[in-house]
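Colleague: Pasting the sequence and the predicted coordinates here, then a few questions.
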Amino acid sequence: MKKIILTGDRPTGRLHLGHYVGSIKRRVELQNTDAFDEIYIMIADSQALTDNFDNPQKIRDNVIEVALDYLACGIDPKKANIFIQSTVDALTELTFYYMNLVTLSRLQRNPTVKNEIKMRGFEKSIPVGFLNYPISQAADITAFEATCVPVGDDQLPMLEQTREIVRSFNNIYGETLVEPEAYVGENEISRRLPGIDGKAKMSKSLGNCIYLADDEETIRKKVMQMYTDPNHINISDPGRVEGNVVFTYLDVFATDADFAKYLPEFKNLVDLKAHYEQGGVGDVTIKKFLNNVLQDVLRPIREKRKEYSQNIELVYDILEEGSKKAQVKANETLAKVKEAMQIDYFNGDKFKNEIKAKYE
Ligand code: TRP
């Protein structure tokens with residue numbers, strides 16, 4: 001069986017550091033293993049419209065921003081097809097057929113959807129399209145016969161729902177669809193990078209993000225604002241490392257080489273933490289260090305983003321090319337699905353011969 005990756009993001013804003021460590025970085029690593037036969041990275045505009053249907057301009061604007069972020073992070077269009085969801089008609093058709101296989105109560109039980117309904121104030125009245133999006137996500141995944149879906153943990157319920165749809169479809173109509181596996185990274189903190197306020201996961205709606213496209217000064221300001229330990233007032237006071245966002249980020253990003261380069265008074269993070277807890281290390285010291293570390297991570301991404309943005313017609317071509325390839329693949333799966341469901345009337349002479357045998 002072919003090894004195929006399908007994953008994607010809703011284009012509701014630019015991508016941030018949480019997206020990067022939570023999923024994009026891993027996608028690039030997977031891409032570069034060359035262990036996959038096909039890779040599809042989808043800009044999920046149709047799904048983004050399920051709760052932004054009244055703001056199509058926002059989605060349209062962000063399609064190109066997300067494409068730039070992908071390319072900037074190292075998604076390689078020679079290895080991965082980057083495509084726009086709404087250009088692949090077969091996905092909506094598949095969704096329609098899968099809807100027969102899922103009950104309303106099953107959709108309402110999906111924990112991610114439940115949480116999103118609450119956050120969007122949809123409790124009283126849920127648009128059908130929104131409630132339905134896990135089914136459309138099953139169409140996205142199965143259309144590409146994905147075996148591997150690299151996502152953040154909030155997407156695990158979608159994968160579970162997809163696997164149920166696959167099993168149910170194959171049970172009723174015969175072995176047709178491929179059951180996907182989710183792929184989440186093993187690093188807990190990377191998967192849930194907190195925002196700069198330390199309150200929750202980094203999230204656009206909470207305004208606590210460092211964006212991949214942020215310039216050097218913006219990044220510096222955001223690091224300087226970061227939540228640390230509110231009781232660490234004087235440098236000589238003992239400080240807390242747990243719940244201190246600067247240390248959470250250092251856990252994710254700082255290497256021993258960074259210490260040698262920017263903070264040689266300390267051997268490594270264990271050493272720095274010990275001194276911070278003892279007292280004697282100021283927040284400005286740790287923030288300056290984190291700023292240096294993050295600038296090194298984000299500078300190459302920002303520069304690559306700028307190069308692509310100065311060659312925007314190339315990005316357009318990449319999206320068009322990727323979308324065309326995605327259409328071909330999804331149409332092949334749709335044909336298999338329709339054949340399995342016996343709704344392939346004009347595909348060859350099978351139906352013609354059947355009715356002739358019956359009535360001639
Ligand atoms: N739900 C994903 C998000 O909110 C986007 C998405 C749509 C997706 N279809 C997908 C992710 C299929 C993985 C596989 O970011």
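Modeller: That came in fine, so what should we check first?
Colleague: which bits of this protein sit near the ligand?
Modeller: 6-10, 44, 47, 137, 140-141, 149, 151, 155 (C-beta under 6 Å from any ligand atom). In short, each C-beta sits where N, CA and C put it, glycine included.
Colleague: let's go with 5 Å and repeat that
Modeller: Residues of the chain that fall close to the ligand, judged by C-beta under 5 Å from any ligand atom: 7, 8, 9, 10, 44, 47, 137, 140.
Colleague: Contact partners for the nearest residue to the fourth one once chain neighbours are set aside?
Modeller: Think residue 10. Excluding its sequence neighbours, the residue lying closest to residue 10 (C-beta to C-beta, 6 or more residues apart in numbering) is residue 48, at 3.9 Å. Counting by C-beta atoms under 8 Å, 6 or more residues apart in numbering, residue 48 touches 10, 11, 12, 59, 62.
Colleague: mind listing which of the residues of the chain next to the ligand are in strands?
Modeller: Here DSSP state E is the test, and these give 7, 8, 9 as lying in strands.
Colleague: TSV please, covering those and showing pLDDT, distance to residue 262 and neighbour count.
Modeller: Output for these, formatted as TSV (pLDDT from 0 to 100; distance: C-beta to C-beta, whole Å; neighbours: other C-beta atoms under 10 Å):
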residue	pLDDT	distance to residue 262	neighbour count
7	97	34	27
8	96	36	24
9	95	32	22
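Colleague: And the next helix or strand past the lengthiest helix in the chain?
Modeller: Taking DSSP state H as the criterion, the chain has its longest helix at helix 312-340. Using DSSP states H and E, the next helix or strand after helix 312-340 towards the C-terminus is helix 350-359.
Colleague: Okay, domains of the chain per the record?
Modeller: 4-192+312-357, 216-308 (automatic domain parsing).
Colleague: Considering the contacts of residue 48, which is situated nearest to the ligand?
Modeller: residue 10 (4.6 Å; C-beta to the nearest ligand atom).
Colleague: Out of the helices and strands in this structure, which is least certain?
Modeller: Among the helical and strand segments of the chain, the one scoring lowest on mean pLDDT, DSSP states H and E is helix 188-191, with a mean of 74.
Colleague: Tabulate the residues of the chain next to the ligand (JSON lines), appending distance to residue 224.
Modeller: Below are the residues of the chain next to the ligand laid out as JSON lines (distance: C-beta to C-beta, whole Å):
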{"residue": "7", "distance to residue 224": "34"}
{"residue": "8", "distance to residue 224": "34"}
{"residue": "9", "distance to residue 224": "29"}
{"residue": "10", "distance to residue 224": "30"}
{"residue": "44", "distance to residue 224": "34"}
{"residue": "47", "distance to residue 224": "36"}
{"residue": "137", "distance to residue 224": "39"}
{"residue": "140", "distance to residue 224": "40"}
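Colleague: For residue 56, give its distance to the ligand.
Modeller: 17 Å (C-beta to the nearest ligand atom, to the nearest Å).
Colleague: quick one, what contacts the nearest residue to that residue once chain neighbours are set aside?
Modeller: Once flanking residues are discounted, residue 56 sits nearest to residue 49: 6.8 Å by C-beta to C-beta, 6+ apart. Residues near residue 49 by C-beta under 8 Å, 6+ apart: 56, 59, 86, 129.
Colleague: What about the first one, how many residues nearby?
Modeller: Read it as residue 56. As a burial measure, residue 56 scores 12 neighbours (other C-beta atoms under 10 Å).
Colleague: Look up how far residue 323 lies from it.
Modeller: Distance, residue 56 to residue 323, using C-beta to C-beta, to the nearest Å: 18 Å.
Colleague: Name the residues of the helix or strand harbouring residue 96 that are buried.
Modeller: Applying DSSP H and E as the criterion places residue 96 in helix 89-98. Neighbour-count burial for helix 89-98, counted by 16 or more other C-beta atoms under 10 Å, picks out 90, 91, 93, 94, 95, 97, 98.
Colleague: returning to what we had before: per-residue confidence for the residue nearest to residue 56?
Modeller: Per-residue pLDDT puts residue 49 at 97.
Colleague: do the same with residue 73
Modeller: Residue 73 is given a pLDDT of 97.
Colleague: give the contact list for the closest residue to it other than its chain neighbours.
Modeller: Computed as C-beta to C-beta, 6+ apart, the closest residue to residue 73 that is not its neighbour in sequence is residue 24, at 4.7 Å. Residue 24 makes contacts with 15, 69, 70, 73, 75, as judged by C-beta under 8 Å, 6+ apart.
Colleague: quick one: which of those is nearest to the ligand?
Modeller: Nearest to the ligand, judged by C-beta to the nearest ligand atom, of the contacts of residue 24 is residue 15 at 10.2 Å.
Colleague: number of nearby residues for the closest one?
Modeller: Residue 15 sits with 25 neighbouring residues when counted by other C-beta under 10 Å.
Colleague: and residue 124, how far is that from the ligand?
Modeller: For residue 124, the distance to the ligand equals 23 Å [C-beta to the nearest ligand atom].
Colleague: As a check, name the ranges of all strands in the stretch 151-300 of the chain.
Modeller: 181-183 (DSSP state E, counting those that start in this stretch).
Colleague: What mean pLDDT does stretch 30-40 get?
Modeller: The average of the pLDDT scores along stretch 30-40 is 97.
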